[in-house]
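*Asks:* Predicted model and sequence follow; I will ask about them next.
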Amino acid sequence: KNYNPDVICVEIRPDDFRKSDVYPREMYLAAIYGMNNNIPIKPIDWWKEGIREKRKELMKNKDIIKKESLEDSLDNTDTLIQSFEKKYGTYDELYKKNYDYYFWNGKEFNNYIAEAYKISMSVFGDSPMNLLYETRNNKMMSLINKVIKTYKSKRILILTGVEHKHFFDNELSENKIVN
């Protein structure tokens, strides 16, 4: 409400919009808010059916287990990751703590996530092991760019999970019509 958006983008796949309940609660609340206030809602998520199941299956593969060990080793020797985890805890521990909006949207966390995905991409490439990180973010960014073109000079609120923010911030910072 304080942002007063003209359009709201939510991390829900277009095919699932108003048909599925598997997304985080805040995405539904934002969509309801928009609908109740005559604000267009644009779903911007993308993922392949069965990708999480494929990842789970791959995690049993001996080659993948070796690669996971390599990824852990790279994480354990990465200065940025180690410094962040010493200060805040590991990724899994973060969700048990009561960090606020500014933490999750802040530079430190975003740099941490970007570094973790950089390592994951170097080990696994754009694969189910990192849930097609690059493909997914690029497809989501494509949907966001369509909204930007459609709603030029409008206030667009983009709601996503924290693991996408660094990617979108980087892409949007290079977009000449976004400010």
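*Replies:* Okay, I see it.

*Asks:* residue furthest from the geometric center of the chain?
*Replies:* K62 (28.3 Å; Cα atoms, centre = their mean).

*Asks:* what about that one, distance to D92?
*Replies:* 24 Å (Cβ to Cβ, to the nearest Å). Quick note: C-beta positions are derived from backbone N, CA and C, even for glycine.

*Asks:* which residues in this structure form strands?
*Replies:* 7-10, 41-43, 156-159 (DSSP state E).

*Asks:* Which secondary structure elements does the second one sit against?
*Replies:* Right, the one you point to is strand 41-43. If contacts are counted by 3 or more Cβ pairs under 8 Å, 6 or more residues apart in numbering; DSSP states H and E, strand 41-43 sits against strand 7-10, helix 25-36, helix 133-150.

*Asks:* what bits of the chain have low per-residue confidence?
*Replies:* 179 (pLDDT under 70).

*Asks:* Tell me which stretches of it form helices.
*Replies:* 25-36, 51-58, 62-77, 79-88, 91-94, 101-104, 107-124, 133-150, 162-173 (DSSP state H).
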